[in-house]
Structures are given as C-alpha cells and as structure tokens.
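Fold the following.
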Amino acid sequence: MEEKESIQSEAKPETRLEKSKKSILGSVRWVMVVVLAFGLGALIIALVLYIPTWQKLDKANTTLTGKTDQITTLQTGIKGLQKDLDSATLHMYVLKALSGVRGARLAAAADDYAGARLSLIQASEALDTLSGLLGSDQKDVFTAMQKNAAQALTEVKTDLMSAQPELVQLTKNLVQLEDNLFPNP
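Numbering: from 1, shown residues only. Presented below is the predicted three-dimensional model:
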C-alpha cells in the first residue's frame, strides 16, 4: 500500500502542474475568444457603418467633381458671352456715333440748326463713351474724332454748311473704325 501512496503522492504535483497549465490555457482561450469577439465586432462595425459611409463620401466627391466641372464649363461660357456683350456694346456706340454724325449732316443739309446740334451732342457723347471702351492704341484716333466733333459743333453755331467738311471727315473716320473693329465676312 505504500507503493500506491508513493505513486499517488508523485502524481499529485503533476496534477497541480497540469491544472495550472489547464487554467492558463483556459484563460488564454477566453482571452482569445474575447479578442476574436472584439475583432469580429470591429469588422461588423466597419462593414455596417464605415464602408457605406465611405461609399456615400465617394459618391459625394464624384458629384462634387461633376459639379465643379460644370461650373468651369459655365464660367468659360460666361467669359465668351461677356466678350460678345462687350463687342456688341462697342459696336453699338460706334454705330450711335456714326448715326449722330450722319444725322447732323442731314440736319445741316436741311438747314436744321437744332437737329444738327442735338445730333452732334449725341455723337460726342458716344465718342466719349467709346474712348473709355477702347484700348490706349485707339486713344489718338478718338482724340482726333472728338476734336472734329467739337469743331463741327462750334461751326454749326455760326454756319451750318461750314461744318460739312468736319462732318464728312468724322463720318469717314467712324466708318473706317467700324470696318477695322468689325470686318464684314
């Protein structure tokens, strides 16, 4: 019986050691289960919340890029339209000045002092506006035209027919300017 007791007493330390190992392995298993559960939870959160939000953000960025491209296209169109508007405005004032000078010529030929004076004043105003619209390379031409208009206005006060040479020259200059700025196709 002593033999049995010695075998059992020798077996007890191994059993404690095995129990300790089993306890540690059990704890490690639970830690692994907990870590795996947290990992699966994080994966589920990523799949359920993060990825759809990321897809929405990506779609919003695509939409924003499209709208930005559309804005750029519209701004380019606006610049073209503004250029056309500026050109039309310039042409309008050239024609307004030309109309005023031709009106003054007709009024002078008809011996209409008031009509000639009014037409010259309108032509002078149009020339002043044109002077501000054109670049510095055209300033000399406009200075000469404005002097012609002022001279014609002065001459209209004394003798309607004496203004005709100035009005003819002014008409030629305005027609030449129109042809230079707006050539016919």
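
Quick one: distance of the helix ranked longest in the chain to the chain centre.
Of all the elements of type helix in the chain, the one with the most residues (DSSP state H) is helix 51-109. From the chain centre to the centre of helix 51-109 is a distance of 10 Å (C-alpha atoms, centre = their mean, to the nearest Å).

from the middle of its chain, how far away would the helix or strand of the chain with the lowest mean pLDDT be?
Using mean pLDDT, DSSP states H and E, helix 2-45 stands out as the lowest-scoring helix or strand of the chain, at a mean of 75. If you compare the mean C-alpha spot of helix 2-45 with that of the full chain, they lie 71 Å apart, counting by C-alpha atoms, centre = their mean.

and the angle from that helix to helix 51-109?
Angle between the axes of helix 2-45 and helix 51-109 is 10 degrees (criterion: axes from the mean of the first three to the mean of the last three C-alpha atoms, to 10 degrees).

quick revisit: list the buried residues for the helix or strand just after the longest helix of the chain?
Per DSSP states H and E, helix 51-109 leads on to helix 113-133 as the next helix or strand towards the C-terminus. With burial defined by 16 or more other C-beta atoms under 10 Å, the residues of helix 113-133 counted as buried are 115-117, 119-120, 122-124, 126-127, 129-131. For the C-beta atoms, the positions are set from N, CA and C on the backbone; glycine is no exception.

can I have stretch 119-128 written out in PDB, keeping just the CAs?
Backbone C-alpha positions of stretch 119-128 (Å, rounded to 0.1, in the frame of the first residue of the first chain) are rendered in PDB as follows:
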ATOM      1  CA  SER A 119     -27.100 115.000 -83.300                       C
ATOM      2  CA  LEU A 120     -23.600 116.300 -82.800                       C
ATOM      3  CA  ILE A 121     -24.100 116.300 -79.000                       C
ATOM      4  CA  GLN A 122     -25.300 112.700 -79.200                       C
ATOM      5  CA  ALA A 123     -22.300 111.800 -81.400                       C
ATOM      6  CA  SER A 124     -19.900 113.500 -79.000                       C
ATOM      7  CA  GLU A 125     -21.300 111.500 -76.000                       C
ATOM      8  CA  ALA A 126     -21.000 108.300 -77.900                       C
ATOM      9  CA  LEU A 127     -17.400 109.200 -78.800                       C
ATOM     10  CA  ASP A 128     -16.600 109.900 -75.200                       C
END
